[in-house]
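S.K.: fold the following.
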Amino acid sequence: MIPSSALVEQVTARWLSERGCRPVLDAAPVFYPNEEEFKDTLKYIASIRPIAEPYGICRIVPPASWRPPCPLRDKIKWQKTRFHTRIQQIHKLQIRQSVSTSVNGGCHKKRKLSTMSGHFDHEQYVSDSEADCLARKDDGNFGFDCGPEFTLEGFQKYANEFKDQYFRVQEVESNSDCISVGGSKGRWAPSVENIEGEYWRVVQKPTEQIEVLYGADVETRKFGSGFPKAKLATPTEVADLYAASGWNLNNIARLPGSMLSFEDGDISGVIVPWLYIGMCFSSFCWHVEDHHFYSLNYLHWGAPKVWYGVPGNEAVKFEHAMRKHLSDLFEEQPDLLQKLVTQLSPSILKSEGVPVYRCVQQAGEFVLTFPRAYHGGFNCGFNCAEAVNVAPVDWLPHGQHATELYQELCRRTTVSHDKLLLGTAREAIKILWEFSVLRRCTSINAGWHGFCGQDGLLTKALKVCVERERVRMRKAHLGKFLNAKKMDSNFDAVKERECFLCYYDLHLSAIGCECSPEKFACLEHANQLCACNWSRKCFLYRYDVTELDILIEALEGKRNSINRWAEQDLGLASSSCVTILNTQQDFTQDASSFFPSKSMFTSKKNPSKDLPLISETADVQDRQNNKILGRAQNSESINGVETIKDIMTSRLPVKNASYDVDLLDVGVIQPCKSWYDGRTIFPKGYKSRLRFYSVLESTQICSYISEVLDAEVKQPLFKVTVEGHPTEVFMHVSVQKCWELVQERLNKQIIQQRSLGRDNIPPLRPPESLDGREMFGFTSPQIVEAIESLDPDHQCAEYWATRPHASQVSSENISAILGGLFKRARPVELWTLHKVLSSERCSSDCQAAFMALQEEIKKL
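M.R.: Okay, here's the model as predicted:
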């Protein structure tokens, strides 16, 4: 039955169920993490990698409690916001003439929507970006033309009507091959297996032209993400919880342990996720991720997606099979696999000895693909998915291989592999230094330790990088360069720097010439840069090889190298700081590592003196801020400067510190055990303000808003926000860890400011030196009394058990506690309360007011 208000022209193509070509494949593994396992995203991915990577692809089903709200379901977003589509000719994904044949035959031309365009006037949907797309498509090669714009509501109607017409969805008593849908008795739709068989029939043995639309690569920065964002989410505890989740694809690239966290730019599709809005048969053709990254895909809603994956170690065999069976297409377009416009049946790949595994993704599930694992598939109907790349440290060797391959193919890179590698190595040295000097060991730090050492994955990757640089320097005969200098730290910060010939990224080294200030070459193509005399050319380097050797030694665990790199590159401390503690051990436990290694840096400090962690000027500024931060002046110091010993011997920055915390909202009591302990009651909705060093500009003081939210996981969620900057949010289920995150961010800002030579910078401090309860205000006597007054019946038993003689609210604090209530009251409510309080104590008015108050308290 075709609706009278059809959005598409009547579909003449028909489902030929008897001719289905469904491939027979083994299933990819499926994982069901529990809530504890699901907490740490990268740790969980690492735990399943040994099992799942041999398949190239796997499915992850979140715990039943993990159900993030989807902002795309908002009525305005659903009905008003538009996205672009692409036209996919399914019958040409595998079987098509080469372009040269088509052009010579005079029948290759762009077409507007035909079979599937229906009642839409295509011309009115062509926007500026779509016109750009059509212009880019004018290269003569096969691809996906730009289609019309849609809203989600409009595309759902369009997709459903096509599927109904194509598969002849109708009222029947029963159908053993089909599944019931929509809750209607006897109404059916084709199963995933039916659709899969028909899809591969159309691809392998097309009898008719089948065109569909796909909303692929929709930028979430413009259209919006399917996950809540801290700055965009509705102000609910649920949205805040999922906005901070590691499984929120907006966050995963920046998680601790992710190499992509060292990429400054928000690269669309790599760091910032893309949306994929599909209909039946819309396809994501065989491809491998840029730089051989992992990819993580989440299906927000709708019909299933069918995936096929090939293990990464079978990539060469896969590529050989594709070239063998599609030789004409590859001869004409050697980079065909980079275009994502070609399918080849898994059955054919199997016949060539290529292992292929199948995966059916349902709504609310993740699909993870592994490095260099080719994957492809199609959609079974209207749905919406979101995807982004992932790069834990174990990705490193795959990324290095991809970079070398790109250079051979003269293909531009998406990210700088050397930049990610050096950023990760520098972070690892910081962790090793913290462990060695500050004795700081956390679960995150422990994870980093596993990648270091002489046989660590990170160490090995850096050794490969340094050896490659050595070889290239020898081949380039750098002795002929009269000019050699260190490149500016921001050499590639604002503008990408790549070799003019092979597009190799130049983060580590480059060759330039006076004749073309913006033109550079890699070491391998130095001779081809220009015809100028060598005296006019310059060799730029970020680190010389000797420095890189020291970095390798530091990663191997050699103490001298760790301290040398930490002091001069990271601005943390020099090796002589260790003598203050005199208790350190070398990570490698190798006696040979204790000899002084060759000098890498020129020290600017007096080696005869204990070197401070901070500068004199920084301490002056710190003492100027003592009044603001309420710090005492009783810490040990050397020449008035705090040392490592000061930090190590006190829990707080200085003992007996006191912070001026303003109570904004006392909140309401939650008489559940996780909402209080023997020290503190954590009221739901509690809010306070504190002034502290700014994580945005460490030389300034700013206000922080601390809140206690209901995370709906039977425990409070603690949130700290920089006032006036809603995107600067720190959240954790631990009140202590929440403020430790703030201090960690502040330390990074301090290190960055020092590297720029800034003065008046506050001292670095261990994150655990802050008392989270104090920063929230939970140690303030006035705030404690206000919170205790919320629990007159002592429902928070464990808390009150430690306070058998707890006093009632003092009379001098009553006005402060009730002030917020009076400010929110209407005039009639204030006059009524005044009348009650001024009447006789046992009057009927007083009793009535007391009963009303008691009923309201029961609702809390």
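
S.K.: flag the shaky bits of the stretch 101-250 of the chain, pLDDT-wise.
M.R.: 101-140, 169-187, 231-239 (pLDDT under 70).

S.K.: where do the strands sit along it?
M.R.: 145-151, 178-180, 188-190, 211-219 (DSSP state E, counting those that start in this stretch).

S.K.: please identify which of those is closest to L299.
M.R.: strand 211-219 (14.0 Å; CB to CB). In this view, the C-beta of every residue, glycine as well, is placed from N, C-alpha and C.

S.K.: quick check: pLDDT value at Q361.
M.R.: Among the per-residue scores, Q361 shows a pLDDT of 98.

S.K.: which residue sits closest to P671, ignoring its sequence neighbours?
M.R.: Q795 (3.9 Å; CB to CB, 6 or more residues apart in numbering).

S.K.: could you do I348 as well?
M.R.: H325 (5.9 Å).

S.K.: I'd say the one you found and S347 touch.
M.R.: No. Assessed by CB atoms under 8 Å, H325 is found out of contact with S347, at 11.3 Å.

S.K.: quick revisit: as TSV, the strands of the stretch 101-250 of the chain with distance to L529 would be great.
M.R.: Output for the strands of the stretch 101-250 of the chain, formatted as TSV (distance: least, CB to CB, whole Å):
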stretch	distance to L529
strand 145-151	39
strand 178-180	64
strand 188-190	60
strand 211-219	35
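
S.K.: export these as CSV, with columns for distance to N747 and mean neighbour count.
M.R.: Formatted as CSV, the strands of the stretch 101-250 of the chain follow (distance: least, CB to CB, whole Å; neighbours: other CB atoms under 10 Å):
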stretch, distance to N747, mean neighbour count
strand 145-151, 46, 21
strand 178-180, 56, 14
strand 188-190, 56, 22
strand 211-219, 33, 21
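
S.K.: between these, which one is nearest to F38?
M.R.: Closest to F38 of the strands of the stretch 101-250 of the chain, according to CB to CB: strand 211-219, at 27.1 Å.

S.K.: chain center to the closest one, what's the gap?
M.R.: 23 Å (CA atoms, centre = their mean, to the nearest Å).

S.K.: direction included, what does it pair up with?
M.R.: strand 82-89 (antiparallel), strand 274-278 (antiparallel) (DSSP bridges).

S.K.: what's the mean pLDDT across the first one?
M.R.: With pLDDT averaged residue by residue, strand 82-89 scores 95.

S.K.: ok, and what's touching it?
M.R.: The contact list for strand 82-89 (CB atoms under 8 Å, 6 or more residues apart in numbering) reads 113, 116, 127, 129-130, 133, 144-152, 155, 209-216, 218, 223, 275, 277, 281-283.

S.K.: cool, and stretch 397-411?
M.R.: Taking CB under 8 Å, 6+ apart as the rule, stretch 397-411 contacts 259, 290-293, 312, 335, 338, 371-372, 391, 412-413, 417, 420, 457, 460-461, 464-465, 501-505, 522, 524.

S.K.: Produce a PyMOL select command limited to the buried residues of those.
M.R.: The PyMOL command for the buried members of those (criterion: 16 or more other CB atoms under 10 Å) is given here:
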select buried, resi 259+290+291+292+293+312+371+372+391+413+417+420+457+460+461+465+502+503+504+505+522+524
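
S.K.: show only the entries of the contacts of stretch 397-411 found in helices.
M.R.: 417, 420, 457, 460-461, 464-465 (DSSP state H).

S.K.: where do the helices sit along the stretch 651-800 of the chain?
M.R.: Per DSSP state H, counting those that start in this stretch, the stretch 651-800 of the chain carries helices over the ranges 735-755, 772-776, 781-788, 797-801.

S.K.: winner for burial among those helices?
M.R.: helix 772-776 (a mean of 22; mean count of other CB atoms under 10 Å).

S.K.: packing partners for it?
M.R.: For helix 772-776, the elements it packs on are strand 687-693, strand 701-710, strand 716-722, helix 735-755, judged by 3 or more CB pairs under 8 Å, 6 or more residues apart in numbering; DSSP states H and E.

S.K.: swap in 6 Å and give it another go.
M.R.: In terms of contacts (3 or more CB pairs under 6 Å, 6 or more residues apart in numbering; DSSP states H and E), helix 772-776 is packed against helix 735-755.

S.K.: starting at the chain centroid, how far to the helix it packs on?
M.R.: 19 Å.

S.K.: same deal with stretch 524-542?
M.R.: Counting by CA atoms, centre = their mean, stretch 524-542 is centred 39 Å from the centre of its parent chain.

S.K.: could you do stretch 345-362 as well?
M.R.: The answer for stretch 345-362 is 30 Å, by CA atoms, centre = their mean.

S.K.: ok, now stretch 332-346?
M.R.: Worked out by CA atoms, centre = their mean, stretch 332-346 lies 29 Å from the chain centre.

S.K.: for W831, grab the count of nearby residues.
M.R.: Neighbour count for W831, taken as other CB atoms under 10 Å: 11.

S.K.: per-residue confidence for it?
M.R.: 71.

S.K.: likewise for the one 3 residues further on?
M.R.: Confidence per residue is given as pLDDT, and for H834 that number is 71.

S.K.: next: P827.
M.R.: 70.

S.K.: got the buried residues for stretch 502-517?
M.R.: 502-513.

S.K.: mind putting those into CSV with distance to L529 and pLDDT?
M.R.: As requested, those are exported to CSV (distance: CB to CB, whole Å; pLDDT from 0 to 100):
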residue, distance to L529, pLDDT
C502, 12, 95
Y503, 14, 95
Y504, 13, 95
D505, 16, 95
L506, 12, 95
H507, 18, 95
L508, 17, 94
S509, 13, 94
A510, 10, 94
I511, 6, 94
G512, 8, 94
C513, 6, 93
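
S.K.: will you turn those into JSON lines that also has distance to Q782?
M.R.: Converted to JSON lines, these look like this (distance: CB to CB, whole Å):
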{"residue": "C502", "distance to Q782": "67"}
{"residue": "Y503", "distance to Q782": "63"}
{"residue": "Y504", "distance to Q782": "63"}
{"residue": "D505", "distance to Q782": "57"}
{"residue": "L506", "distance to Q782": "59"}
{"residue": "H507", "distance to Q782": "54"}
{"residue": "L508", "distance to Q782": "57"}
{"residue": "S509", "distance to Q782": "60"}
{"residue": "A510", "distance to Q782": "61"}
{"residue": "I511", "distance to Q782": "66"}
{"residue": "G512", "distance to Q782": "64"}
{"residue": "C513", "distance to Q782": "69"}
